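Visitor: Show me how the following folds:
(one chain, ligands or ions: 1)
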Amino acid sequence: MSKDTLQFKYQCSECGKTYAIEPGTYTCPDCAKKQEENRPLRGILDVELSGTAPESRDVRDFLPVPTEFFPSIPVGNTPLWQPENLRKQTGFHKLFIKDDGLNPTGSLKDRASYLVAAFARQHGINTVIVASTGNAASSMSGVGAAAGLAVTIFIPKTAPEAKMVQSLQYGAKVVLVDGTYDDAYELSMKYAAKNGGLNRNTAFNPLTIEGKKTAALEIFFQLGHMPETVFVPVGDGVIISGIFKGFRDLIQLKFADRMPTIVAVQAQGSSAICRAFETDGFDEPVASSTVADSISVDVPRNGFHALMNLKRFNGECVTISDNEILSAQKQLSGSAGLFSEPAAATSFAGFLKLKNELDTSADIVILSTGNGLKDIVSAREAVTVPVKPVKILGEIK
Ligand SMILES: *Cc1c(COP(=O)(O)O)cnc(C)c1O
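Guide: Numbering: from 1, shown residues only. From the prediction side, this is the model:
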């Protein structure tokens, strides 16, 4: 497959075997045989590119599907902006926010859905299946609607209502699962194997990782150089691998010569990747529990792959309590005017936790991954909602 100046193929992140990027290829068939129950996916495929850098700064020109197949919905190109009050409060005068909550469906997941939708259209596939804690589902539903695709989603019955209603609005078939996200994932895999259609499950479909790399490409092009440090909220570990991939492509294409420090931020109650980072492996899963539903996973699907990237590129890991997440969320809202969902505020919480170890004059990017309106129930916890309505001025306290 070629696009102007770049060629693309899949390469197994474990054994190095290469495969064409075509329908039906998801994980490396050889390494998938080593799959153990209740462990992250084996045989995750990377997209490897070769050739010379395109002239354009349209990030789609760095993706393995020709631009004409992308649906017209405007995904990506989100602002990288300078939060003045937060800079003053924290003393970091080169702090930046990359606000991916401003994507069409309100989360960074649109970057993956966008590439998956383009791939489906390129190959004449009409149906897409996905399991999700909520955002990948609402994202695929919305981007799929714009692309004219039929989307079936599997979400746990505990998913925030807004994400479900959003998916229904977009016209998706919603399967509510009596169980966790991990249960929804298993069920969707069986359903996809039986009914066909393109599987957009995170990590399993390598294009989900590749699609998310555009956030890193944009950060680099917007800043004009590599940042020092990027804080990334981590659940399944696909966003963070996408961020590594984007910067890795830029280094390979000679735009830059060093990898930023990428910090994986996890909730204390859902920290499988950070635990594995300490111990160098994945143990029995621990039932996850955190206010940040989008990063609540027992078995991180992309765990091995994310861990490999963190080790290879000297990344770091930090875990955050739910109280710290909710207070970071409130600070972002009240000081920056950025209302993010708890998972998205986790990256800022990670910055607050590590800031004493950081250089105050470094370019630091907080990746905000999802919009606050997606989960009002959690956001209520950090505010006092007025209970008594007033009718006359005298009643106002
Ligand atoms: C999915 C998601 C994450 C975590 O991404 P992973 O690829 O699962 O690590 C973080 N924040 C938001 C808002 C998300 O939707």
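
Visitor: three-state assignment of I155?
Guide: strand (DSSP: H, G, I helix; E, B strand; the rest coil).

Visitor: Repeat that for V390.
Guide: Here V390 is coil, with the state taken from three-state DSSP.

Visitor: Which helix or strand contains K190?
Guide: helix 181-195 (DSSP states H and E).

Visitor: who are the neighbours in contact with E22?
Guide: Each residue near E22 by C-beta atoms under 8 Å, 6 or more residues apart in numbering is listed here: H123. Heads up, the C-betas are built off the backbone N, CA and C, glycines and all.

Visitor: pLDDT wise, what is it at?
Guide: If you check E22, the pLDDT there is 97.

Visitor: Helix, strand, or coil at it?
Guide: Applying three-state DSSP: E22 is coil.

Visitor: For the remainder of this discussion, apply numbering that starts at 42.
Guide: That works, and once the first residue is 42, the last one we named lands at E63.

Visitor: Distance of Y155 relative to M205?
Guide: Distance, Y155 to M205, by C-beta to C-beta, to the nearest Å: 21 Å.

Visitor: Against which helices or strands is the strand or helix carrying L248 packed?
Guide: Here L248, judged by DSSP H and E, is contained in helix 247-253. Secondary-structure packing of helix 247-253 (3 or more C-beta pairs under 8 Å, 6 or more residues apart in numbering; DSSP states H and E): strand 86-92, helix 151-163, helix 279-293.

Visitor: CA atoms only for stretch 371-389, dumped as CSV, please.
Guide: The C-alpha coordinates for stretch 371-389 follow below in CSV (Å, rounded to 0.1, in the frame of the first residue of the first chain):
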residue,chain,number,x,y,z
LYS,A,371,-12.0,20.6,39.5
GLN,A,372,-8.8,22.6,39.2
LEU,A,373,-8.7,22.2,35.4
SER,A,374,-12.3,23.3,35.2
GLY,A,375,-12.0,26.2,37.7
SER,A,376,-8.6,27.5,36.6
ALA,A,377,-8.3,26.6,33.0
GLY,A,378,-11.9,26.5,31.9
LEU,A,379,-11.3,23.0,30.7
PHE,A,380,-14.1,20.6,31.9
SER,A,381,-12.7,17.1,31.3
GLU,A,382,-14.0,13.7,32.3
PRO,A,383,-12.2,12.1,35.3
ALA,A,384,-10.0,9.8,33.1
ALA,A,385,-8.9,12.9,31.1
ALA,A,386,-8.1,14.8,34.3
THR,A,387,-5.9,11.9,35.4
SER,A,388,-3.1,13.2,33.2
PHE,A,389,-3.2,16.6,34.9
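
Visitor: Angles on the backbone of the residue in the chain that the ligand sits nearest to, please.
Guide: The ligand sits closest to G411 of the chain, with a gap of 2.8 Å, by C-beta to the nearest ligand atom. Dihedral angles of G411 (phi, psi; degrees, to the nearest 10) stand at phi -160, psi 150.

Visitor: Am I right that it is in contact with A386?
Guide: No: contact criterion C-beta atoms under 8 Å: G411 and A386 do not qualify, at 9.2 Å.

Visitor: So for the two, which sits in the more crowded spot?
Guide: In this view G411 and A386 are compared by other C-beta atoms under 10 Å, and A386 has more residues nearby, 35 against 31.

Visitor: Quick check: the gap between the more buried one and Y67.
Guide: 32 Å.

Visitor: One more: V171?
Guide: 13 Å.

Visitor: These two - which one has more neighbours?
Guide: Applying other C-beta under 10 Å to V171 and Y67 shows that V171 carries more neighbours, namely 34 against 22.

Visitor: interface residues of the chain facing the ligand?
Guide: 148, 150, 176, 243, 274-281, 335-336, 382, 384-385, 410-411 (C-beta under 6 Å from any ligand atom).

Visitor: how about 8 Å then?
Guide: Neighbours of the ligand within the chain, by C-beta under 8 Å from any ligand atom: 142, 148-150, 174-177, 180, 243-244, 249, 253, 273-283, 333, 335-336, 338, 341-343, 347, 381-382, 384-385, 387, 410-411, 415.
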